[in-house]
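Sequence first, predicted model second:
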Amino acid sequence: MSIQVQHLSKQFGTFAALQDVTLNVPDGQLVALLGPSGSGKTTLLRVIAGLEIPDTGRVLLGGQDITQVGPGGRGIGFVFQHYALFKHLSVFENVAFGLKVKRGGQRPAPPVIRDKVMRLLELVQLDWAAARYPAQLSGGQRQRVALARALAVEPQVLLLDEPFGALDASVRQELRDWLRRLHDEIHLTSIFVTHDQAEALEIADRIVVFNAGQIEQEGTPEEVYDHPATLFTYRFLGKANVLDRAGGQVTLARPHDLHLHLQPVPGAWASVITRIHVVGPEARVDVTRSDQSGALEVYLPKTQLGGASVGQIVYLTAGRQVTLPEGE
Amino acid sequence: MVTLTLVLVGLLLVLPLLVVLITALRSGVGPYLQALQTPDTLSALRLSLLTVLIVVPLNMVFGVSAAWATAKFDFPGRSLLLTLIDLPLAVSPVISGLVYVLLFGRQGWLGPWLEANDLKIIFAPAGIVLATTFVTFAYVARELIPVMQTQGKDDEEAALTLGASGWQTFSRVTLPNIRWALLYGVIMCNARALGEFGAVSVVSGKIRGLTNTLPLHVEILYNEYQTVAAFAVASLLALFALLTLGLKALIESRTGHPHP
């Protein structure tokens, strides 16, 4: 189901968490809210969930105004960064919770609940852990239980607040890929909050970049990465090398778009290598241009290093460059 | 260091307990049991238990609501409420008792109105219940607030997004999360309510068979040189104390960490 938020504002004391935010999320998409901490992305997610009440503005779900509806009546599933599993309940009971608190005739019969919970636990590959308690599971497993619990009430929309933020790198990567596959299977409109640009670029259909309570830019991962509208977006999405500043404009290039030559090349900047750092198959080289202070970072395959060493003079050219107005 | 601690604990804590038991049983088991069965003792026991039965549930409800409100929500006056919860711990119990006399006594602010409506608080069980409630006000809340604050709001919010009502959220999520701290607070509140002397002694009037609680009864018996009887009743209180300690130890072994 589509989600629309219109002119949302939310103030915490003197801190403006959201300022006139308007956003459309089309049906069936996986959208990332990306931004530094305190930029308003989590507040927006909580407003959509009904966990925060906006000062002004409206929230629409499938075209219907739900601004005044409580969190339980919106048809949303919410996944918390720290899982928020009920510690005193087994995995099975956690997933069954949303079904068991349904009132009167809406509550399914116990066999129906059992079937449904077991089906969801199979979906998150944890059917073997039904009788366990959250404390007996790893972080990644807990987050999958939390996901199954949120899906049990058949939400129209899935909201995930930094869902992988509390996990170690390898589990994070695994769960990230898994979430993308799950989304391709069930096509549930989903919004997730993250401050990790790689995570957003990897799995989202659309990225919404937040800065200081406002939407900085919105688009597909390629659009946002290749055509950043502002310096803030450019810097937030990856490492930025400043090549030139003139007339309020700044020219930048990513480390992969800078090239090193051992012999002079027309139009190249003479530079000196200050540091070489090899990360797996990739070499990260710091160079300082003779006409500029400060280091630039160049990433290239280790095999193309060609015996370059620290202190050596090299010639630097730039491939893709972006020129943006200065000031964030 | 350990030896010194053990000697001190022995002298200050274990020895008095032994003295109570030895003195109570000095004239044999017969007089001991007899002393416990006099009408005045039984009446004091009844009043003490009645007080506890009213005060503890009252403070349980109050403590849970106060802890819920201050730990889960931020509202104007929150820190004032937190300070007020601590007030009974800061004020001497005798002063608390005197405040009630000044409020509800014959010469007090509300005295004439109470008299006109034939209501008796001071020198009556109602006053004892009130004074005990005040003195034990903070016990449950103090125990719960830090626990609830550490737990945060995530679990409750999760329950709400899953469609649980406010009451379902409280009974199925919040209460199970705080059950051990709550039980601990209730036990401590219970122990204090049973043993309270200062505040109760001011409002009670010490009318035998009517407004005497167990601690007051011990004092009266002792002042009348009925040493065996006094210590027999005291041993009853000591027994409750040991029971409390046992329960406390049990909870700590269940939750795996000692409470302050």
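Cool, got the structure. Keep in mind the model is a prediction, meaning the values are calculated, not measured.

Can you give the contact residues for stretch B:147-155?
A:80, A:82, A:84, A:86, B:67-68, B:71-72, B:173-174, B:177-178, B:181 (CB atoms under 8 Å, 6 or more residues apart in numbering or on different chains). For the C-beta atoms, the positions are set from N, CA and C on the backbone; glycine is no exception.

Repeat that for stretch B:123-131.
By CB under 8 Å, 6+ apart, the residues outside stretch B:123-131 that reach it are B:47, B:50-51, B:54-55, B:93, B:96-97, B:100, B:104, B:119-121, B:196, B:199-200, B:202-205, B:207, B:210-211, B:213.

Tell me which of those fall in helices.
Residues of the contacts of stretch B:123-131 located in helices (DSSP state H): B:47, B:50-51, B:54-55, B:93, B:96-97, B:100, B:104, B:199-200, B:202-204.

re earlier: sort the contacts of stretch B:147-155 by pLDDT and name the bottom one.
Lowest pLDDT within these is found at B:Lys72 (81).

What confidence value was assigned to the nearest residue to that one once chain neighbours are set aside?
Of all residues not flanking B:Lys72 in the chain, B:Lys153 sits nearest, at 5.6 Å (CB to CB, 6 or more residues apart in numbering or on different chains). You'll see B:Lys153 listed with a pLDDT of 89.

Settle this for me: A:Glu221 is touching A:Gln197, isn't it.
Heads up, residue A:221 is Pro, not Glu. No: taking contacts as CB atoms under 8 Å, A:Pro221 lies outside contact range of A:Gln197: 9.4 Å.

if we can go back for a sec, show me how to select, in ChimeraX, the buried members of the contacts of stretch B:123-131.
Typed into ChimeraX, the line below selects the buried ones among the contacts of stretch B:123-131, using 16 or more other CB atoms under 10 Å in any protein chain shown:
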select /B:47,51,54,55,93,96,97,100,104,121,196,199,200,202,203,204,205,211,213
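
Just the buried residues of stretch B:225-241, please?
For stretch B:225-241, a neighbour-count test (16+ other CB under 10 Å) marks B:Val228, B:Ala229, B:Ala230, B:Phe231, B:Ala232, B:Val233, B:Ala234, B:Ser235, B:Leu236, B:Leu237, B:Ala238, B:Phe240 as buried.

contact partners of that stretch?
In contact with stretch B:225-241 (CB under 8 Å, 6+ apart) are residues B:17, B:20-21, B:23-24, B:26-27, B:31-32, B:35-36, B:38, B:41, B:44-45, B:191, B:194-195, B:214-215, B:217-219, B:221-222.

Of all the residues in the stretch 101-250 of chain A, which one is nearest chain B?
Nearest to chain B, among the residues of the stretch 101-250 of chain A, is A:Val101, at 4.3 Å (CB to the nearest CB).

before we move on, the earlier item: next one: the residue nearest to B:Lys72 from A:Phe80, what distance?
10 Å (CB to CB, to the nearest Å).

And these two? Which one has more around it.
Using other CB atoms under 10 Å in any protein chain shown as the criterion, B:Lys153 and A:Phe80 rank with A:Phe80 on top: 23 against 15.

do you know how far that one is from A:Leu51?
A:Phe80 sits at a distance of 10 Å from A:Leu51 (criterion: CB to CB).

Could you pull out the residues contacting both of those two?
Shared contacts of A:Phe80 and A:Leu51, defined by CB under 8 Å, 6+ apart, comprise B:Glu157.

Can I have the buried ones of the contacts of stretch B:147-155 as a ChimeraX selection?
ChimeraX command restricting these to the buried ones, with burial defined by 16+ other CB under 10 Å:
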select /A:80,82,84,86 /B:67,68,71,173,174,177,178,181
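
Reformat the contacts of stretch B:147-155 into JSON lines and put distance to A:Gln304 next to each item.
Formatted as JSON lines, the contacts of stretch B:147-155 follow (distance: CB to CB, whole Å):
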{"residue": "A:Phe80", "distance to A:Gln304": "45"}
{"residue": "A:His82", "distance to A:Gln304": "43"}
{"residue": "A:Ala84", "distance to A:Gln304": "48"}
{"residue": "A:Phe86", "distance to A:Gln304": "54"}
{"residue": "B:Ala67", "distance to A:Gln304": "64"}
{"residue": "B:Trp68", "distance to A:Gln304": "63"}
{"residue": "B:Ala71", "distance to A:Gln304": "59"}
{"residue": "B:Lys72", "distance to A:Gln304": "58"}
{"residue": "B:Val173", "distance to A:Gln304": "57"}
{"residue": "B:Thr174", "distance to A:Gln304": "60"}
{"residue": "B:Asn177", "distance to A:Gln304": "57"}
{"residue": "B:Ile178", "distance to A:Gln304": "61"}
{"residue": "B:Ala181", "distance to A:Gln304": "62"}
